[in-house]
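Novice: Pasting a predicted model and its sequence here:
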Amino acid sequence: MEVVHRGGVIRRLREELPVGWQVTALGVVATVVAVLAPAFVLTFGLFLWARRQGWPSSRMRNLTLTLLAAWLFGAVMQLWQVGWPETLRVLTEAFRLLLSGHVDWANTVGVLAVVEVPIAAVAAWVVLRRQEVRMMQSTQPRRAMRWQQRTNKNRRNAALRRARQEITPMSRLSGLVVLAQQYREEKPREQLTLEYLRARHPVYLGVTDEELNRHITLTGQTGAGKTELLKRLTGGWTEARWRTYGQKSSQGVSGSPDGRATGGAASPRPLTIFVDAKGGEQSTDLAFEWADTMEAIGLAPERVGVFPFQDGLNMWALPPAQLVETIHELAKTEHRFYDTLQRGLLRLVLEAPNVRPPANSVEFLRRIDPQQLRKAWDGHPGRLAQLQQMAQSGTLATDLILLDDLFGTLGHDFDAQRSIQDFDALFVSLPGTEKNRVAAAKARLLVELLKFELTHGARREVLFVFDEWSAVSEHVDVLQLLQTARSLGGRVVLSAQSYATLGSSEQEVNRILSVMGGGHLVMAGNQVEEWAKLAGTRFRAEVGAHLEGESHVGEGTLRMQSQFTVSPDELRQLPERDVVRIKSGVVQFGTVVKLDATKRLPSKAIHRHPWRQITTAGPVSSWWRLGEERRELVQRMVPQLTAGPSKDEG
């Protein structure tokens, strides 16, 4: 066996290298270090950086391909500009200087590092992929679990850094409504080879308008960040639809987006309606906070409404037949006889021929007058006989008081105020759990009014957000509400504290979820087991080991076990403002970024739109006068109606 000492290696190199090259021991060491050090530093630097970001190997592959493409482009440009001989001469000169012991770190080592970039990138990708595969196939489950936990933590931290360092958009040009910075995605099955090669890694978690059109749910306990998520969802959808409205609208300067009037391809004006049904002391703060957000994104302040704290609606815009049914449902009694008489009275008052329908509650109550009704229904014997029966039974005074009480219960919220067409964003607060009867009455009337105004007025693209609708679902069926919203071209977001509070019963919750095809948004809270079931399961390797004490003895076992795609514990322990989106078995994790009015707001798509400030009609009547007039009217008419018909009238 021949032993070659260091001096022999150097002599042999001197003999084999070209004439004029000097080789020293220091030069050999420097050459080895200069060649290997950049490769190792770049390889492990890229690997550690990818681990810190929580990247999967498929994303590292994309970076590797990008670096290879950039390196090849640079190499081609170098060869094209200086030629192959000059490039080879530079590399040869770098090695000659290294072997002679003259180390020029700025040039020599830099040149070698540039050459080794693609090698280091490929090596880092291979190392990361091998680690992934090893952890997935590990026979040490606790080690694999800790590795997965560190990876998920790194991914979330990277998303939080992105949220601090960049301005998260409200929407994308593709129409995606951005809800959060996405940091993780779980699928019900493992990737195939082609799927791995084609894998994409979205930065933002969001929903498309098509998914919103199939309706979505949102659940989360108090303090989980639901309000911020709903602000971002409504703001992002508004911006996305205004961008489309501006590009495709055939609307004229008059502001009517209805294709039936313009004769062109319709591009309806967006309308966002947020209905808070839980009431309570915080409802006022939430209402004005949401309204401030909608104004901050660029909507005209006069077209942002807050009901009932600042703005009211006009139920008298409903047609007489619909007003009869709506008011009767709100004011009917349990006694069948008087219930029938009341319906008849409403028809006499509201459907009188050749008489303009009442414009407010005062005009309505003033018409509960036998003399006026006889005059209006002259020539209709059947109606006159019905009126005579009511006058003789003495129920007119009772109905007058009952209807006055109904209007007092509703307040001036629906009494001859503004049209829904006046708004681009409207917050509606219902008393909810604070006053269930009042909330139910207002909710039913609100649905009827929305249905009428949005089908008979200018056509609108509507996003409905219903928060804690189960508080009033006894009188307004949620499924009927969804069907109504869908018929109006609306998208529905149904929000609640938990899975169970989406409906009044478990059966109703199941019926609601069966029509929510756009997916489900889940934030921290209790009762998350049902969401984990809804997300589905996937097969995971379960390792069994034959142990004697703490030592492995013999062969172990490996079987595929069905497990939740996302465990209930993960959903229960979600940090504040983190959201999980569940759709078609795919589970996406993201962290919600608060909308900051000082950053990239207002939206250019809204603020610079030529039809942003279309003139509004305003209130029909002064609401503060109606209450006084109604009170004086009732005090004057009740004694007259109680006295019964005069002899001449009889």
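Specialist: The structure has been received and is ready for your questions.

Novice: Surely residue 217 and residue 515 touch.
Specialist: No. Contact between residue 217 and residue 515 fails when scored by C-beta atoms under 8 Å: they sit 10.4 Å apart. Placement of C-beta: from N, CA and C, glycine included.

Novice: More neighbours: these two, which one.
Specialist: Between residue 217 and residue 515, counted using other C-beta atoms under 10 Å, residue 217 has the larger neighbour count: 22 against 14.

Novice: part of a helix, is that one?
Specialist: No. The assignment for residue 217 (DSSP: H, G, I helix; E, B strand; the rest coil) gives strand, which keeps it out of a helix.

Novice: tell me the pLDDT at it?
Specialist: We have a pLDDT of 93 for residue 217.

Novice: next one: the one 3 residues further on
Specialist: Per-residue confidence (pLDDT) for residue 220: 92.

Novice: give the contact list for it.
Specialist: 226, 229, 497, 522, 523, 524, 525, 579 (C-beta atoms under 8 Å, 6 or more residues apart in numbering).

Novice: From residue 29, how far off is the residue lying closest to it once chain neighbours are set aside?
Specialist: Nearest non-adjacent residue to residue 220, counting by C-beta to C-beta, 6 or more residues apart in numbering: residue 523, 2.9 Å away. With distances taken as C-beta to C-beta, to the nearest Å, residue 523 is found 59 Å from residue 29.

Novice: likewise residue 158?
Specialist: Relative to residue 29, and taking C-beta to C-beta, residue 158 is found at 39 Å.

Novice: Tell me which of those two has more neighbours.
Specialist: residue 158 (16 against 13).

Novice: Touching stretch 392-407 from outside, list them.
Specialist: Contacts of stretch 392-407 (C-beta under 8 Å, 6+ apart): 327, 330-331, 333, 338, 341-342, 345, 361, 364-365, 368, 370, 390, 415, 441, 630, 634, 637-638, 641-642, 644-645.

Novice: residues of it that come out buried?
Specialist: 395, 396, 397, 398, 399, 400, 403, 404, 407 (16 or more other C-beta atoms under 10 Å).

Novice: what's the pLDDT at the fifth one?
Specialist: So that's residue 399. Confidence score, pLDDT, at residue 399: 84.

Novice: So it, which state does it fall into?
Specialist: Quick answer, by three-state DSSP: residue 399 is helix.

Novice: From residue 331, how far off is it?
Specialist: 8 Å.

Novice: Give the residues shared as contacts by these two.
Specialist: Joint contacts of residue 399 and residue 331 (C-beta under 8 Å, 6+ apart) are residue 342.

Novice: what about the stretch 101-250 of the chain, any weak spots by pLDDT?
Specialist: The stretch 101-250 of the chain contains residues with pLDDT under 70 at 101-113, 137-139, 246-250.

Novice: Please repeat the previous calculation with a cut-off of 90.
Specialist: 101-121, 129-149, 166-167, 173-175, 186-202, 213, 222-225, 227, 243-250 (pLDDT under 90).

Novice: Now the helix or strand harbouring residue 131: buried residues?
Specialist: Assigned by DSSP states H and E, residue 131 belongs to helix 110-136. Residues 111-113, 115-118, 120-129, 132, 135 are the ones in helix 110-136 that count as buried (16+ other C-beta under 10 Å).

Novice: nearest residue to residue 162 other than its sequence neighbours?
Specialist: Going by C-beta to C-beta, 6+ apart, residue 162 has residue 181 as its nearest residue, at 5.4 Å.

Novice: pretty sure the one you found contacts residue 589?
Specialist: No. Contact between residue 181 and residue 589 fails when scored by C-beta under 8 Å: they sit 9.9 Å apart.

Novice: Residues that sit against both of these two, list them.
Specialist: Common neighbours of residue 181 and residue 589 (C-beta under 8 Å, 6+ apart) are residue 205.

Novice: one step back: ok but the residue nearest to residue 162 is inside a strand, no?
Specialist: Yes. The assignment for residue 181 by three-state DSSP puts it in a strand.
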